[in-house]
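Undergrad: Build the 3D model from these lines:
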Amino acid sequence: MASLAMIKHPAAIVALALLTALPARAETKGPVTDDNGVVEIPEGEPLMIGSFLALTGADAALGIDARRGIEIALDRVGATYKGHPIEISFEDETCSPEGGQTAATRLASNDQLVAILGPSCSGAARAGVPILWQHKFPVVGVGPTSPTLTDPARGPDFDGFVRVSFNDNATGKFAASYALKGAKTAATLHDGSTYGQQIVRTFEAEFKAQGGTIVAEEAVGPTDTDLRPVLTRIGTKKPDLLFAPLYVAAGAYLVRQREEVDGLKNTKLLATDPIMAPAFMTAAGKAAVDVKMVGIDFRPETLGPAYQKFVETYKSKYGEAPIAGFHAYGYDALGVLMAAIDKVAVEKDDELFIGRDALNKAIHATAGYEGLTGKLTCDHLGDCASPVYAVWQFTSGDAASYSLGTNPKRVD
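TA: Take a look at the predicted model:
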């Protein structure tokens, strides 16, 4: 049930959604009373779940890959729960704050949704999660990794949020430790996104704490196409390494244009997993070869036989190997949600009743859940993952050769 229709005036719709959001109040339906309201699902009617992911644009691989993971998880449970068909309504958050607002507002208009899976990107989460929590929808994050989303100072707008994806505090620290193996000086470059800014700050702090020197801190816009002026400024500092956690479009411009900057001839490049996708290879071409990225270690020997079986199912269902690094998070997000629903759902006379506050608390209480990405235990701020990192490197610029493990291959 994908709904990708564009909204002409998203700002007005968001404002209306916030104005019409009901304050938290106890509600009783059937045998259930809940402080945040109760979803009643009549006999034969579907249990409805919402999702907002990046499904179009340069970074669509992130959301499509996660959506496929969700769909495989749905197949695993038979697409039913206690006699009720499970339906998932997908919205496109375009990996942007504006898209996050629009998608969240569309989802918030359907009070029969039990909870929300997503989004893919941190900017969309910053904009969309508060709208959804205004309406008391619990949200299980599939791809947003910004530390601000689970920071103690994040505020009550995120009380309904957890994520099965990792926290970039850990990513930035791992990247800095790896960089220091061969670099004493580094420059950083981000695109102004919530994700990019936060991971760069963590990288810089850790790199300096371990004895390295940051010689340049630069930024570009997410839609910039000419990065040469910024790269030239960085090149004057002749850093040993450039850490650039960019998304697909900006990342492709970077790897193509850095070859034109003499000052960067001897500078190594370290990127991150948003570019770990065939779309990046298509955009970058031969310039993608040898580009290194920090990302989760998704090798079967690391994650075990269940993951290998999942990959085989993915290939059979979609005719190709996973196209990004977020498929397992989509799978685990639905699994965590369904396990929490099973704890709080009440049946009476073939109807189903789910309290939203009870569901949110059950999701946050997830402990020792055996997911594809490892054992998931959510802390009180909503971080549930225990990631294992690796460094990956593209061996070819041919998008048709994309296969996690061979292109890109694990190099550390």
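Undergrad: contacts and neighbour counts: CA atoms only from here.
TA: OK.
Undergrad: Spatially, which residue comes closest to the spatially most central residue of the chain, not counting chain neighbours?
TA: Nearest to the geometric centre of the chain sits residue 143, at 1.0 Å (CA atoms, centre = their mean). Leaving aside its chain neighbours, residue 143 sits nearest to residue 120 (4.1 Å; criterion: CA to CA, 6 or more residues apart in numbering).
Undergrad: Pull up the gap between that neighbour and residue 206, please.
TA: 26 Å (CA to CA, to the nearest Å).
Undergrad: neighbour-wise, which of the two wins?
TA: Using other CA atoms under 10 Å, the more surrounded residue of residue 120 and residue 206 is residue 120, with 37 against 20.
Undergrad: In this model residue 53 seems to touch the more buried one, though I could be wrong.
TA: Yes - counting by CA atoms under 8 Å, residue 120 does reach residue 53; the two are 5.0 Å apart.
Undergrad: what sits in contact with each of those two?
TA: Common contact partners of residue 120 and residue 53 (CA atoms under 8 Å, 6 or more residues apart in numbering): 62, 63, 66, 93, 95.
Undergrad: which of the residues you listed tops the neighbour count?
TA: residue 66 (33 neighbours).
Undergrad: residues in contact with that residue?
TA: 53, 120, 142, 326, 327, 328, 329, 330, 331.
Undergrad: State the number of residues packed around residue 186.
TA: 29.
Undergrad: in terms of contact, does residue 370 touch residue 384 like I think?
TA: No - Residue 370 is not in contact with residue 384 according to CA under 8 Å; the separation is 11.6 Å.
Undergrad: more neighbours, the two?
TA: residue 384 (26 against 13).
Undergrad: per-domain residue ranges of this structure.
TA: 10-167+310-388, 169-296+390-410 (automatic domain parsing).
Undergrad: Can you tell me which of the ones you listed is nearest to residue 302?
TA: Among those, the nearest to residue 302 by CA to CA is domain 10-167+310-388 (8.4 Å).
Undergrad: and that closest one, average pLDDT?
TA: If you average the pLDDT over domain 10-167+310-388, you get 93.
Undergrad: Compute the number of surrounding residues for the residue lying closest to residue 357 once chain neighbours are set aside.
TA: By the measure of CA to CA, 6+ apart, the closest residue to residue 357 outside its immediate chain neighbours is residue 36, 5.1 Å from it. As a burial measure, residue 36 scores 21 neighbours (other CA under 10 Å).
Undergrad: quick one: residue 324 from residue 298, how far?
TA: 11 Å.
Undergrad: so which helix or strand takes in residue 222?
TA: Using DSSP states H and E, residue 222 falls within no helix or strand.
Undergrad: residues in contact with the nearest residue to it once chain neighbours are set aside?
TA: Spatial nearest neighbour of residue 222, excluding adjacent residues (CA to CA, 6+ apart): residue 191 at 5.2 Å. If you count contacts by CA under 8 Å, 6+ apart, residue 191 has them with 197, 219, 220, 221, 222, 246, 250.
Undergrad: For residue 114, pull up the helix or strand it's in.
TA: strand 113-117.
Undergrad: And for residue 177?
TA: helix 168-179.
Undergrad: Which elements pack onto the next helix or strand after that helix?
TA: Remark: after helix 168-179, the chain's next helix or strand is strand 185-190, criterion DSSP H and E. In terms of contacts (3 or more CA pairs under 8 Å, 6 or more residues apart in numbering; DSSP states H and E), strand 185-190 is packed against helix 194-209, strand 213-219, strand 241-243.
Undergrad: you'd agree residue 218 is up against residue 190?
TA: Yes - between residue 218 and residue 190 a contact is recorded at 6.8 Å, counting by CA under 8 Å.
Undergrad: Those two: which has the busier surroundings?
TA: Of the pair residue 218 and residue 190, residue 190 is the one with more neighbours under other CA under 10 Å, namely 26 against 15.
Undergrad: Against residue 280, how distant is that one?
TA: Taking CA to CA, one finds residue 190 at 17 Å from residue 280.
Undergrad: Ok, residue 302 next?
TA: Residue 302 is 25 Å from residue 280, by CA to CA.
Undergrad: how about the helices in the stretch 201-350 of the chain?
TA: According to DSSP state H, counting those that start in this stretch, the stretch 201-350 of the chain carries its helices in the segments 228-235, 248-257, 278-284, 300-303, 305-318, 327-344.
Undergrad: distance between the ends of stretch 180-195?
TA: 22 Å.
Undergrad: One more: stretch 126-146?
TA: Start-to-end, stretch 126-146 (CA to CA) is 9 Å.
Undergrad: quick one: that stretch to chain centroid distance?
TA: Per CA atoms, centre = their mean, to the nearest Å, the displacement of stretch 126-146 from the mean C-alpha position of its chain is 11 Å.
Undergrad: So what touches the strand ranked longest in the chain?
TA: Identified as the longest strand of the chain according to DSSP state E is strand 84-92. The set of residues external to strand 84-92 that reach it, using CA under 8 Å, 6+ apart, is 1-4, 43-56, 74, 79-80, 99-100, 103, 106-107.
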